[in-house]
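> Build the 3D model from these lines:
(one chain, ligands or ions: 1)
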Amino acid sequence: DKNKSVGDQTNHTITGIDPGSGIMKATDKVIKDYNLNDWKVQSGSEATMTASLDKAIKNKKPIIITGWTPHWMFSKYDLKYLKDPKGVYGKNEEIHTVINKNFAKKDPNATKFLDQFTWSPEDMGKVMLDIQNGKSEQNAAKAWIKANQDKVKQWTNGVNKVNGKTVKLAYVSWASEIASTNVVAEALRDLGYKVNLEQLGAGQMFAGLAKGSDDAIVAAWLPSTHADYMNEFKNKLTDLGPNLKGTKLGLVVPKYMKINSIEDLKT
Ligand SMILES: C[SH](C)CC(=O)O
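This next block holds a predicted model:
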């Protein structure tokens, strides 16, 4: 295998996730912009991608996946990002909280909470890892809230307790958004809210938010990853700004692979 090109070793395949995700659209652009003509991007889900990654690493085989930070895969495996000299995956992405345009009027109290929600990649990583190690999504969220009351108090500062008002949160089943959405849901429940969680595809999540069938998401990767969805529904959405900074997206490989840049895929 050693003498084969990395393309031949991987059947010229990049192992990706759900086709509607921004990282998959960016990866299609990588194929074009880097002239990776004989390469293809295999879609699936985060679960199928991480299962393929696990299998490849167990057999020390080459694999190229669409990866992002924060993610538990970086603490479980020895991985590296391929350099992206053309900057197709964007520079410093953030995760934003976005609400339906009418929600601020409908529930200013919950909007204040959502506007004050902010945490770090390390905070998110802890919840993701607890879930990965078998805790239920709700229990991992509850455990984090119990251990981080100082941070939660900043979110709830000036926010009133309520009696059973409903908030509907949408998200996509990416490990990062499962973690954040469950923590926000539990913190709202502690304030007396009834919280409905709706798991959707990326496009459906933004469409549902714009239509008002959901009130809020804490899952918008911006300024580039979800830019087209935000533009498509811009008059129906209010961006409350970042709830997490320091994210990254790109092509990720096990450190035992010799390549270091997307450019190296052309050899
Ligand atoms: C997969 S990242 C969590 C977000 C996206 O690519 O749409």
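
> so which residue of the stretch 151-267 of the chain comes closest to the ligand?
Minimum separation of the stretch 151-267 of the chain from the ligand (C-beta to the nearest ligand atom) falls at W174, amounting to 4.0 Å. From N, CA and C alone the C-beta is placed, and that goes for glycine too.

> who touches the residue nearest to that residue when sequence neighbours are not counted in this structure?
Distances taken as C-beta to C-beta, 6 or more residues apart in numbering put E46 closest to W174, at 5.5 Å, once the chain neighbours are dropped. Residues in contact with E46 (C-beta atoms under 8 Å, 6 or more residues apart in numbering) are 17-18, 173-175.

> okay, now the domains of this structure?
6-90+248-266, 94-245 (automatic domain parsing).

> Take these and lay them out in a markdown table including mean pLDDT.
Conversion of those to a markdown table gives the following (pLDDT from 0 to 100):
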| stretch | mean pLDDT |
| --- | --- |
| domain 6-90+248-266 | 97 |
| domain 94-245 | 98 |
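
> Nearest residue to the middle of this structure?
Nearest to the mean C-alpha position of the chain, by C-alpha atoms, centre = their mean, lies S176 at 4.7 Å.

> Now do the same contact list for that one.
68, 70-71, 95, 124, 128, 247.

> and if you look at T10?
Neighbouring residues of T10 by C-beta under 8 Å, 6+ apart: 62-64.

> mind redoing it with 6 Å?
Each residue near T10 by C-beta atoms under 6 Å, 6 or more residues apart in numbering is listed here: 62, 64.

> cool, A185 as well?
For A185, the contacting residues are 169, 195, 197, by C-beta under 6 Å, 6+ apart.

> ok, and it, which helix or strand is that part of?
Secondary structure from DSSP states H and E places A185 in helix 175-190.

> picking that back up, among the contacts of S176, name the ones in strands.
Among those, DSSP state E puts 68, 95, 247 in strands.

> one step back: can you say which of the contacts of E46 are buried?
17-18, 174-175 (16 or more other C-beta atoms under 10 Å).

> Now tabulate the residues you listed in CSV and tack on distance to A219.
Output for these, formatted as CSV (distance: C-beta to C-beta, whole Å):
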residue, distance to A219
I17, 14
D18, 13
W174, 8
A175, 12
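
> Which residue comes closest to I65 once chain neighbours are left out?
T15 (4.8 Å).

> partners of that neighbour in the sheet?
T15 has these beta-bridge partners by DSSP bridges: Q42, I65.

> Just the strands from the stretch 101-250 of the chain, written as ranges.
Applying DSSP state E, counting those that start in this stretch to the stretch 101-250 of the chain gives strands spanning 166-171, 194-199, 216-222, 237-254.

> With distance to the ligand and mean neighbour count as new columns, can these be given to me in TSV?
Compiled in TSV, those are given as follows (distance: least, C-beta to the nearest ligand atom, whole Å; neighbours: other C-beta atoms under 10 Å):
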stretch	distance to the ligand	mean neighbour count
strand 166-171	10	22
strand 194-199	14	16
strand 216-222	5	26
strand 237-254	6	19
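
> So which bits of the protein are right by the ligand?
Contacts of the chain with the ligand, taken as C-beta under 6 Å from any ligand atom, map to 17, 21-23, 68, 174, 176, 202, 221, 225-226.

> now with 5 Å?
With C-beta under 5 Å from any ligand atom as the criterion, the chain meets the ligand at residues 21-23, 68, 174, 221.
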